[in-house]
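J.: fold the following.
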Amino acid sequence: MVIDWSHPVFGIAALLLGACIGSFLNVAIYRLPRGLSVNEPKRSFCPHCKKQIPMWRNIPLVTWVLQRGKCAECNAPIAVRYFIVELLTALVWLGCWFVFPDPAQAVFFMLLSAVLITISAVDIELMLIPRQLTITGTLLGLGMAALCPEFLGEEIWWKGLLKSTYGFAFGWIGLWLVVLLGKLAFGKRSFEFDEATEWMLREPETDEEELSFVIGGEAIGWSDIFYRKSDRLLIEGVDSVNVDGIPRETERVEIKDNIVHINGEEFQIESLKSLDGKAQKAVVPREAMGMGDVDLLGMLGACFGPASLLFTIFAASLVSIVWAVFNRLGFGRLMPFGPSIIAGAILWVFLGKDLWAWYLKVVGVY
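T.: Alright, predicted model coming up:
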């Protein structure tokens, strides 16, 4: 008996299963970057009142619409992202099933899409990519290359696995070098003022926010300043500084590894109630790109092989430029790069080889 995998019943199953998976992805999107377990508590809960949601009130897509995007307990708004993720996952899984006739490839792309949707949502919301997700995607790519080596143009399992490994190594190391060069070229941002300007450390007001450094009316999140342990924030030309409301004489304040250094004294950030003052200059460390993007490109290299990497990063750069222009983002403004890398990989899957050949022909390579 030959199974007709294109029968509509399989498509309906993919659609419904995708919506359920999308509901789980929302759990991962909220919990993983906050260090919470996706298993405990087992039931979803409102991010505002923290009350657990019973199963009968946790139906993918339907519940959000019926409750008009609000919590049934506290009436607080539930972000439209929850509905979008469930709908997008359902449609993507349906599309994967019919676009890729080989069931093995269809399942691979369905699982990979779940990882990519989660990465995109987290990066857009919090500007970070949890390593658990890229590790999962990398293992998917390595497994696909070994089980279906023809997916990467090979006939023997170990050759497919080797090509996938090369893809991960080239992608990870290549973008890591770009990060290092970017750190050297754009690793500091200076604020200079003619007169002493107010600055402060601002405490987060909600669970979604983080500690921020504010100077001249501009707030910079803690995670954007302190990416690695060696990063330090320098505040110079200090007119005054107040530690927990008590004035201290100094010309320079240094913050490194969550420790404030003032005239040889050290203060733990966690123990301070307030820190503010006036200064004429501040030097803030910054990243041109995060290591999450490095892990992501390595993961995509494992999934699609080393040949995909140059096109993926080239297309990602173009997508980022279009995104920045569309959203009127000025030079130096932070924006998530992960979704652009994912968009570049999607273009490679469907149009990459043809587009790349056309581009090389236009620039006269061949």
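
J.: using the three-state scheme, assign Ser37.
T.: coil (DSSP: H, G, I helix; E, B strand; the rest coil).

J.: gap between the closest residue to it other than its chain neighbours and Ser44?
T.: The shortest distance from Ser37 to any non-neighbouring residue, by C-beta to C-beta, 6 or more residues apart in numbering, is to Arg31 (6.8 Å). Using the backbone N, CA and C atoms, a C-beta is placed for each residue, glycine as well. Separation of Arg31 from Ser44 (C-beta to C-beta, to the nearest Å): 10 Å.

J.: the longest helix along the chain packs against which elements?
T.: What stands out as the longest helix in the chain, according to DSSP state H, is helix 157-186. Contact partners of helix 157-186 among helices and strands, from 3 or more C-beta pairs under 8 Å, 6 or more residues apart in numbering; DSSP states H and E: helix 131-147, helix 291-304, helix 309-326.

J.: my read: the residue nearest to Ser37 touches Val38, true?
T.: Yes - counting by C-beta atoms under 8 Å, Val38 is a contact partner of Arg31 at 5.4 Å.

J.: which one's more surrounded, these two?
T.: Between Arg31 and Val38, counted using other C-beta atoms under 10 Å, Arg31 has the larger neighbour count: 18 against 13.

J.: what pLDDT does that one get?
T.: Arg31 carries a pLDDT value of 92.

J.: what about it, is that helix, strand or coil?
T.: Relying on three-state DSSP, one would call Arg31 helix.

J.: show me where this protein has helices.
T.: 8-31, 62-66, 81-99, 103-126, 131-147, 157-186, 222-225, 291-304, 309-326, 338-347, 353-362.

J.: of these, flag the one that's most buried.
T.: Neighbour counts (mean count of other C-beta atoms under 10 Å) averaged over each of these peak at helix 291-304, with a mean of 27.

J.: quick one: distance of that one to the chain centre.
T.: 12 Å (C-alpha atoms, centre = their mean, to the nearest Å).

J.: that one vs helix 338-347, what angle?
T.: With axes from the mean of the first three to the mean of the last three C-alpha atoms, to 10 degrees defining the directions, helix 291-304 sits at 10 degrees from helix 338-347.

J.: hmm, back to that, mean pLDDT lowest where, among the helices and strands packed on helix 157-186?
T.: helix 309-326 - the lowest mean pLDDT of these, at a mean of 92.

J.: quick one: distance of that helix to the chain centre.
T.: 16 Å.

J.: quick check, central residue of this structure?
T.: Nearest to the mean C-alpha position of the chain, by C-alpha atoms, centre = their mean, lies Asp123 at 2.4 Å.

J.: wait, that one sits on Pro339?
T.: Yes - under the criterion of C-beta under 8 Å, Asp123 makes contact with Pro339 at 6.2 Å.

J.: now distance to Tyr166 too, for the helices and strands packed on helix 157-186, in a markdown table please.
T.: Listed next are the helices and strands packed on helix 157-186 as a markdown table, based on distance: least, C-beta to C-beta, whole Å:
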| stretch | distance to Tyr166 |
| --- | --- |
| helix 131-147 | 10 |
| helix 291-304 | 8 |
| helix 309-326 | 10 |
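
J.: got any ranges where this protein has weak pLDDT?
T.: 1, 207-208, 227-228, 287-288, 329-334, 365-366 (pLDDT under 70).

J.: what about the residue lying closest to Glu198 once chain neighbours are set aside, neighbour count?
T.: Using C-beta to C-beta, 6+ apart and skipping the chain neighbours, the partner closest in space to Glu198 is Lys278 (5.6 Å). As a burial measure, Lys278 scores 19 neighbours (other C-beta under 10 Å).

J.: any idea what Lys278 is bridged to?
T.: Lys278 forms beta bridges with Glu198, Ser240, as assigned by DSSP bridges.

J.: mind checking how far it is from Ser190?
T.: Using C-beta to C-beta, Lys278 is found at 17 Å from Ser190.

J.: what about stretch 153-160, distance to the chain center?
T.: On the basis of C-alpha atoms, centre = their mean, stretch 153-160 sits 31 Å off its chain's mean C-alpha point.

J.: end-to-end on it?
T.: 8 Å (C-alpha to C-alpha, to the nearest Å).

J.: ok, and what's touching it?
T.: When contacts are defined by C-beta atoms under 8 Å, 6 or more residues apart in numbering, stretch 153-160 is touched by residues 145-152, 163, 305.

J.: now the two most distant members of those.
T.: Largest separation among the contacts of stretch 153-160 by C-beta to C-beta: Leu147 and Gly305, giving 15.0 Å.

J.: distance between the ends of stretch 285-296?
T.: Start-to-end, stretch 285-296 (C-alpha to C-alpha) is 23 Å.

J.: next: stretch 46-54.
T.: Stretch 46-54 has its terminal residues 11 Å apart, counting by C-alpha to C-alpha.
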